[in-house]
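Asks: Can you look at this prediction? I've put the sequence above it.
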Amino acid sequence: MGSIQIGQVEIPMHVEWPVTGAGPTGESRFLFEVYTGNVAVGFENTEAPTSGEQFSIYLPLFDNTIRTYGNPSEGEGDIPPLTNAVLVTPVGIQAHEDEEFVCSVDSWKLRLEPQGFQGIGGKPLCLILDFHLSILNGVIHRVGYNVTISTPSPGHLKTIDLTDTARPH
């Protein structure tokens, strides 16, 4: 499994907007969020058969800052994404000359999981994007992602800067 440091996510962008709507049970509040960026993977295979590898990343708001969605260990409850749409695609590839070339993103999924960090109490819920890459006779330099989620009435949103105090463990 390929492990990607938060610093390998390049040009992360995040936008959000709150929405209030009426439903069958009355008025509801939602937060819609869009995360986009590029991930430097440098995944290469020069010999048959096609090689594949799984990667996982935190989705940063910007730079090295991630959002948390509650901290069940501190009584804040579980706020799972209500809906999500995910797109992951190679955006920087290089084929080896005069060779059969195969490159793909085979699968992807979004997880909301408790994560432990040094200097941060409890295990806050963090968004993690998993994707599986395959290649034959080439290099996947970068992968682009676009993730859209909506969460119900978020009340326990916080941020963590992973550059200084918080290190995953």
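Replies: Sure, I can see it. What you see is a predicted model; the values in this text were computed from it and never measured.
Asks: Who are the packing partners of the helix or strand containing Val41?
Replies: Using DSSP states H and E, Val41 falls within strand 26-45. Applying 3 or more Cβ pairs under 8 Å, 6 or more residues apart in numbering; DSSP states H and E, one finds that strand 26-45 makes contact with strand 9-23, strand 51-58, strand 60-62, strand 125-136, strand 138-152. No exception for glycine: its C-beta is placed from N, CA and C like everyone else's.
Asks: Strand partners (parallel or antiparallel) of the second one?
Replies: I take that to be strand 51-58. strand 2-3 (parallel), strand 125-136 (antiparallel) (DSSP bridges).
Asks: again, but for the first one
Replies: Using DSSP bridges, the strands paired with strand 9-23 in its sheet are strand 26-45 (antiparallel).
Asks: pLDDT on the strand it pairs with, on average?
Replies: Strand 26-45 carries an average pLDDT of 88.
Asks: Give me the buried stretch members for that strand, please.
Replies: Within strand 26-45, the residues that qualify as buried are Phe30, Leu31, Glu33, Tyr35, Thr36, Gly37, Asn38, Val39, Val41, Phe43, Asn45, counting by 16 or more other Cβ atoms under 10 Å.
Asks: phi, psi of the residue of the chain positioned farthest from its centre?
Replies: For the chain, the largest distance from the centre (Cα atoms, centre = their mean) belongs to Asp98, which lies 34.8 Å off. Main-chain dihedrals, Asp98, degrees, to the nearest 10: phi 50, psi 30.
Asks: same deal with Lys123?
Replies: According to degrees, to the nearest 10, Lys123 has phi -130, psi 90.
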